[in-house]
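K.L.:
predicted coordinates and the sequence they were generated for:
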Amino acid sequence: MFANRRQKTGMFNYDSFLKNKLRELKDAGSYRYFLEVNKSAQHFPHFHYLNNEGVQRSGVNWCSNDYLCMSTREEVIAKLGFVTHRSGTGSSGTRNISGTTIYHKELEKTLAEWHKKEAALLFNGAYAANVTALQTLARNISGLIFISDERNHASIIEGMRGCKNPKMIFRHNDMDHLREILSSLPAEQPKLVVFESVYSITGTVAPIKEIIELTKEYNALTYVDEVHAVGLYGETGAGLFEKESLEHEIDILNGTLSKAVGVFGGYIAASATVIDFIRSFGSGFIFTTSLPPAVCSAANKSIQLIREEREERQVFHQNVLLLRKTLKEYGVKYTPNDSHITSVPVGDANRCREVAHELLQKQSIYLQPINYPTVPVGEECLRIVITARHQPKHINHLAYSLNKILNARPVIKYNEANV
């Protein structure tokens, strides 16, 4: 009940409205529950949790985005601790008011060099970076139109919704449709094509070379979300644009420090002019307390290790191949793609939740059900996130358990191309 509010007849009942909405979410099987995941840096991917009887148990985490397990690296942890003792736990201000340190500036320099851009700008998350960057550009470039892939992340959608600019949506990775849209617009109209390099649920990879060619032909700016590619692809792990030697061709790149880098935060990398513009006009940047100095220092150390080392990245990709080979051997269907993301289609929210619950309680396997609104209704799935620390025995146990549970009540296929 809301505080100090007497409900009279005929008045809007806030409490009832919110409870009804939550009930609808639960009835649809899309209500989200928090599982307490107590991670151990020394024993990852193992973690501790409480089962239905309140007994502490150990499980294997198949949901973590800590792809390269950099959050557990001693060098990264040591750097975090050292700078925390030196500078304290927080930045104590916005970037414009006492919240910029040498650690912020060093990290932004590293990010710009990594992505072969003139400059970079830190945010407290990649979500905030997307929303702020997109809205800042749209609100200040008169007549700018968004041209967005239909599968784009919620942060991109939120960024576009937060301004009055027109939007056109092209079918997922459909270059003919993108050309059709671009060719229909006046040459003088400002355009921003927004897409992801690796899509977070389906794992599909954008045809980035074709997108770049089209946008250059029609004088459109490009904005890519590389959060699921940073750290994993390319000679130094800078992402798919590095892998394809197209770093200089993308206008604005969004990345994260919270996944493969294993720390916290997000950023954009672009020309010095674009970065200065968003720094100067982006309210989501201007009025937010900056990242703690220790976080910046730890992220910088992690990126240094990722750029210099290849082994963890190689092990990670070998694990992806082994996972898919083992799933096939056990008859577990997954949605094929050219990335590392492996999704097992279920096609029903309640069934998806039931399977995940049974995996955890009976097999000590933590797989998070992916339901609406993250995916459209009917495309519910279990997304498997493998890391460099998963062992063949973990992979074998996962495939065996999925086969056992899903075959007890067959999976509902939503994609006939499933492997």
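P.N.:
Nice, I can see it.
K.L.:
which SSE is immediately downstream of the longest helix seen in the chain?
P.N.:
Looking across the chain with DSSP state H, the single longest helix is helix 311-329. For helix 311-329, the succeeding helix or strand toward the C-terminus, using DSSP states H and E, is strand 342-345.
K.L.:
avg pLDDT for whatever helix or strand comes next after that following strand?
P.N.:
Downstream of strand 342-345, the next assigned helix or strand under DSSP H and E is helix 349-363. Averaged over helix 349-363, pLDDT sits at 92.
K.L.:
same for the very next helix or strand once past helix 349-363, what does it pack against?
P.N.:
Following helix 349-363 in sequence order, the next helix or strand is strand 365-366 (DSSP H and E). With contacts defined as 3 or more CB pairs under 8 Å, 6 or more residues apart in numbering; DSSP states H and E, strand 365-366 has these neighbours: strand 56-61, helix 349-363, helix 392-408. For the C-beta atoms, the positions are set from N, CA and C on the backbone; glycine is no exception.
K.L.:
got the buried residues for the longest helix of the chain?
P.N.:
Neighbour-count burial for helix 311-329 flags 312, 313, 315, 316, 319, 320, 322, 323, 324, 326, 327 (criterion: 16 or more other CB atoms under 10 Å).
K.L.:
for residue 224, which of the helices and strands packed on strand 365-366 is the nearest?
P.N.:
Judged by CB to CB, the one of these that comes nearest to residue 224 is strand 56-61, at 28.4 Å.
K.L.:
strand partners (parallel or antiparallel) of that closest one?
P.N.:
strand 46-50 (antiparallel), strand 365-366 (parallel) (DSSP bridges).
K.L.:
residues in contact with the last one?
P.N.:
Put plainly, it is strand 365-366. With contact meaning CB atoms under 8 Å, 6 or more residues apart in numbering, strand 365-366 is reached by 35, 37, 47, 49, 59-63, 359-360, 397-398, 401.
K.L.:
contacting residues around the longest helix of the chain?
P.N.:
67-70, 231-232, 237, 306, 333-334, 340, 342, 344, 384, 386-388, 390, 392, 395-396, 398-399, 402, 419.
K.L.:
with stretch 270-280 instead?
P.N.:
Residues contacting stretch 270-280 (CB under 8 Å, 6+ apart): 95, 117-121, 132-133, 136-137, 140, 251-253, 268-269, 285-286.
K.L.:
from the residues you listed, which would you call buried?
P.N.:
Buried members of the contacts of stretch 270-280, scored by 16+ other CB under 10 Å, are 95, 117, 119-121, 132-133, 136-137, 251-253, 268-269, 285-286.
K.L.:
returning to that earlier point: can you tell me which of the contacts of strand 365-366 lies nearest to residue 150?
P.N.:
Closest to residue 150, out of all of these and judged by CB to CB, is residue 63, at 25.2 Å.
K.L.:
now that closest one, what's its secondary structure?
P.N.:
Under the three-state scheme (DSSP: H, G, I helix; E, B strand; the rest coil), residue 63 adopts coil.
K.L.:
all helices for the stretch 201-350 of the chain, in order.
P.N.:
Taking DSSP state H, counting those that start in this stretch as the criterion, the stretch 201-350 of the chain contains helices spanning 208-217, 240-243, 272-281, 283-286, 293-308, 311-329, 349-363.
K.L.:
how about those helices, which one is nearest residue 25?
P.N.:
When the helices of the stretch 201-350 of the chain are compared (using CB to CB), the closest one is helix 349-363, at 10.0 Å.
K.L.:
list the buried residues in that closest one.
P.N.:
Buried, per 16+ other CB under 10 Å, within helix 349-363: 349, 351, 352, 353, 354, 355, 356, 359, 360, 363.
K.L.:
now the fourth one. Nearest residue, chain neighbours left out?
P.N.:
What it means is residue 353. Leaving out its chain neighbours, the residue that sits closest to residue 353 by CB to CB, 6 or more residues apart in numbering is residue 369, at 5.0 Å.
K.L.:
tell me, how many residues neighbour the one you found?
P.N.:
By the criterion of other CB atoms under 10 Å, residue 369 has 23 neighbours.
K.L.:
from residue 50, how far off is it?
P.N.:
19 Å (CB to CB, to the nearest Å).
K.L.:
circling back to that earlier point, just the ones in strands from the buried ones among the contacts of stretch 270-280, please.
P.N.:
119, 120, 121, 252, 253, 268, 269 (DSSP state E).
K.L.:
how about those in JSON lines, adding distance to residue 207?
P.N.:
JSON lines is the format used below for these (distance: CB to CB, whole Å):
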{"residue": "119", "distance to residue 207": "27"}
{"residue": "120", "distance to residue 207": "25"}
{"residue": "121", "distance to residue 207": "27"}
{"residue": "252", "distance to residue 207": "18"}
{"residue": "253", "distance to residue 207": "17"}
{"residue": "268", "distance to residue 207": "22"}
{"residue": "269", "distance to residue 207": "21"}
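K.L.:
just curious, which of those is nearest to residue 243?
P.N.:
Of all those, residue 243 sits closest to residue 253, with 13.4 Å by CB to CB.
K.L.:
could you look up the SS state of the nearest residue to residue 167 once chain neighbours are set aside?
P.N.:
Counting by CB to CB, 6+ apart, residue 146 is the residue found nearest to residue 167 once chain neighbours are left out, at 4.4 Å. Residue 146 falls in the strand class when you classify it by three-state DSSP.
K.L.:
and the one 10 residues further on, by the same measure?
P.N.:
When the structure is reduced to helix, strand and coil (three-state DSSP), residue 156 reads as helix.
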